[in-house]
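Enquirer: my questions are about this predicted structure, shown below with the sequence.
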Number of protein chains: 2
Amino acid sequence: MHGDIRKNIERHISLSDAEFEHFLTFMTARKLRKRQYLVQQGDHTHYSYYVVKGCLRAFKADNSGKEHIIQFALEDWWIGDMAALTTGTPARLNIECLEDCDILQIHYEDQERLYAELPKFERFFRIIIQNSLVATQNRLLSVMSQPAYDRYLEFMERYPKVVQRVANHHIASYLGIAPESLSRLRKEGTMRSDRSKS
Amino acid sequence: MHGDIRKNIERHISLSDAEFEHFLTFMTARKLRKRQYLVQQGDHTHYSYYVVKGCLRAFKADNSGKEHIIQFALEDWWIGDMAALTTGTPARLNIECLEDCDILQIHYEDQERLYAELPKFERFFRIIIQNSLVATQNRLLSVMSQPAYDRYLEFMERYPKVVQRVANHHIASYLGIAPESLSRLRKEGTMRSDRSKS
DNA sequence: CGTCTATTTGAATGTACTCAAAAGCGGTGG
DNA sequence: CCACCGCTTTTGAGTACATTCAAATAGACG
């Protein structure tokens, strides 16, 4: 199941064998090692990426050098710099492998061709993007309305698999706090639960 | 131009007269007065809304009663609670008119029918949603990486028309800061520019 | 085993917040 | 036309949460 792109597409649209084969002609496979970059800030980027296997982060380095993670991606997630892709501007984001990765990529122009030839894929990506928008809106509300500790609990609840696989300072970067702050929150958290246990 | 929904749709897809007429059969017009709600948190909501005329805000009230504005909408913007719409759950958001408004609304099921009958509308909304995702991602990065004053400047630059039309405490709520804080930032801002002028 | 990176801890700092009160502004009715 | 009322904005004082910088400890990998 994990990394099975057909099953994952068929969660939203139905696909004949021929259609799936046709879809696959647009995708190309890549293998990357941990620490390799799929996209680098400032470069031109032309691809959307599907994670067959592995773990990645999309992040922006601000002018003071701090990194802000906008998305993690595990198996069966799509990732890319959509702003750069659609506007043709240089990438805002870096996308880096946190583990060795198997990726399927599709060129932006091929994606447009895919929409033209198999309109149901326009539907598929509309749904994927829509879900992504809902998730991003929720995260924005969360950043604006909740203290860091609550956001941390929420994150662990929502993405337990990510928590298991990525370093704490990356989680801090995703939550929008300093790694030292996350360390302190975690300590206070365990102290709270210790207290409640006794 | 403003409030001309056909011109706005045709920015992304081409439309015959017949197609546009068919589209219109799915839309219904509503007039609302300032302070009226289009959606209330906790209610079931089934519509997406297009602003022909007026100004609205979409916001969430958190458990402590504070309000967090996730979106403003002026003429030609679409607004709605997408999470509630797609999952069928009660609305996370309130949507309130900040001025008297002319709205066109489409029922969620009609929107699905529209996609089926005129697939190019699936493309249209895919593009709209995609742009919205890019904007929300940028805002998230902005909240996480920039101090409040920079976010305020950015907001004024990006949405000058909103600044002219809504109260400062609403802008504060959008920026994720207290109204008192915005007041202080504005004072410091004018002091900075006074200094640079002299 | 040694090196490099991640995490934790400490101390001082800062940005934005809360609560409370004053001033400003706009609209309404006498 | 002016006086009053309600709401928005500003100002002040004290506070809290998270940050920065620096250093110590712990862990991972070759």
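Expert: Perfect, thanks for sending it. Numbers count the residues shown, from 1 in each chain, chains lettered A, B, ... in the order given.

Enquirer: and the strands in chain A?
Expert: Along chain A, counting by DSSP state E, strands occupy A:27-32, A:37-39, A:47-53, A:56-61, A:67-73, A:78-79, A:94-97, A:101-107.

Enquirer: can I get those strands in TSV with distance to chain B and mean pLDDT?
Expert: C-beta: built from backbone N, CA, C; applies to glycine. Shown next, in TSV, are these (distance: least, C-beta to the nearest C-beta, whole Å; pLDDT from 0 to 100):
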stretch	distance to chain B	mean pLDDT
strand A:27-32	19	96
strand A:37-39	14	96
strand A:47-53	11	97
strand A:56-61	6	96
strand A:67-73	5	97
strand A:78-79	12	98
strand A:94-97	12	97
strand A:101-107	15	97
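
Enquirer: distance to residue B:122 and mean neighbour count added to these, as CSV?
Expert: Formatted as CSV, these follow (distance: least, C-beta to C-beta, whole Å; neighbours: other C-beta atoms under 10 Å in any protein chain shown):
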stretch, distance to residue B:122, mean neighbour count
strand A:27-32, 21, 14
strand A:37-39, 27, 20
strand A:47-53, 18, 20
strand A:56-61, 26, 22
strand A:67-73, 24, 21
strand A:78-79, 18, 20
strand A:94-97, 27, 22
strand A:101-107, 18, 19
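
Enquirer: let me have these in a markdown table, adding distance to residue B:99 as columns.
Expert: Shown next, in a markdown table, are these (distance: least, C-beta to C-beta, whole Å):
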| stretch | distance to residue B:99 |
| --- | --- |
| strand A:27-32 | 48 |
| strand A:37-39 | 42 |
| strand A:47-53 | 39 |
| strand A:56-61 | 35 |
| strand A:67-73 | 34 |
| strand A:78-79 | 39 |
| strand A:94-97 | 42 |
| strand A:101-107 | 43 |
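
Enquirer: out of the ones you listed, flag the one nearest DNA strand D.
Expert: For the strands of chain A, the distance to DNA strand D is smallest for strand A:67-73, at 10.6 Å, taking C-beta to the nearest atom of the strand.

Enquirer: briefly note if that closest one comes near DNA strand D.
Expert: No - Strand A:67-73 is not in contact with DNA strand D by C-beta under 7 Å from any atom of the strand; minimum separation 10.6 Å.

Enquirer: for that strand, packing partners?
Expert: Counting contacts by 3 or more C-beta pairs under 8 Å, 6 or more residues apart in numbering or on different chains; DSSP states H and E, strand A:67-73 is packed against strand A:56-61, helix A:168-175, helix B:120-145.

Enquirer: got a list of contacts for that strand?
Expert: Residues outside strand A:67-73 that contact it (C-beta atoms under 8 Å, 6 or more residues apart in numbering or on different chains): A:49, A:51, A:55-62, A:79, A:93, A:98, A:159, A:162, A:166, A:170, A:173-174, A:176, B:137, B:140-141, B:144-145.

Enquirer: one more: stretch A:131-150?
Expert: A:151, A:154, A:175-177, A:181-182, A:185, A:188-189, B:60, B:62, B:66, B:68, B:70, B:82-83, B:86, B:92, B:129, B:132-133, B:136-137, B:139-140, B:143-144, B:176.

Enquirer: which among these end up buried?
Expert: Buried members of the contacts of stretch A:131-150, scored by 16 or more other C-beta atoms under 10 Å in any protein chain shown, are A:151, A:175-177, A:182, A:185, B:60, B:68, B:70, B:82-83, B:92, B:129, B:132-133, B:136-137, B:139-140, B:143-144, B:176.

Enquirer: give me the subset of those touching DNA strand C.
Expert: Applying C-beta under 7 Å from any atom of the strand to those, those adjacent to DNA strand C are A:182, B:176.

Enquirer: any idea of the mean pLDDT in stretch A:179-192?
Expert: For stretch A:179-192, mean pLDDT is 87.

Enquirer: who touches that stretch?
Expert: By C-beta under 8 Å, 6+ apart, stretch A:179-192 touches A:148-149, A:152-153, A:168-169, A:171-173, A:175, A:177.

Enquirer: please pick the buried ones from those.
Expert: Here, 16+ other C-beta under 10 Å leaves A:148-149, A:152, A:171-173, A:175, A:177 buried among those.

Enquirer: mean confidence score for stretch A:159-170?
Expert: Summarised as a single mean, pLDDT over stretch A:159-170 is 97.

Enquirer: that stretch close to DNA strand C?
Expert: Yes - with C-beta under 7 Å from any atom of the strand as the measure, stretch A:159-170 is seen reaching DNA strand C through A:167-169.

Enquirer: do stretch A:25-35 as well
Expert: No - using C-beta under 7 Å from any atom of the strand, we find that stretch A:25-35 stays clear of DNA strand C, coming within 9.9 Å at best.

Enquirer: next, the distance between the ends of that stretch.
Expert: Stretch A:25-35 has its terminal residues 28 Å apart, counting by C-alpha to C-alpha, to the nearest Å.

Enquirer: burial check on the residue nearest to residue A:125 when sequence neighbours are not counted, number of neighbours?
Expert: Counting by C-beta to C-beta, 6 or more residues apart in numbering or on different chains, the nearest residue to residue A:125 once its immediate chain neighbours are dropped is residue B:126, at 6.3 Å. Around residue B:126 there are 22 other residues, counting by other C-beta atoms under 10 Å in any protein chain shown.

Enquirer: just send the helices and strands packed on strand A:67-73 back as JSON lines, with distance to DNA strand D too.
Expert: Listed next are the helices and strands packed on strand A:67-73 as JSON lines, based on distance: least, C-beta to the nearest atom of the strand, whole Å:
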{"stretch": "strand A:56-61", "distance to DNA strand D": "13"}
{"stretch": "helix A:168-175", "distance to DNA strand D": "8"}
{"stretch": "helix B:120-145", "distance to DNA strand D": "9"}
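
Enquirer: so what's the residue count around residue A:163?
Expert: Residue A:163 has 15 nearby residues by other C-beta under 10 Å.

Enquirer: return the distance of the closest residue in space to it that isn't next to it in sequence relative to residue A:174.
Expert: Residue nearest to residue A:163 in three dimensions, not counting chain neighbours: residue A:156, with 5.3 Å by C-beta to C-beta, 6+ apart. Look at residue A:156 and residue A:174: by C-beta to C-beta, to the nearest Å, they are 11 Å apart.
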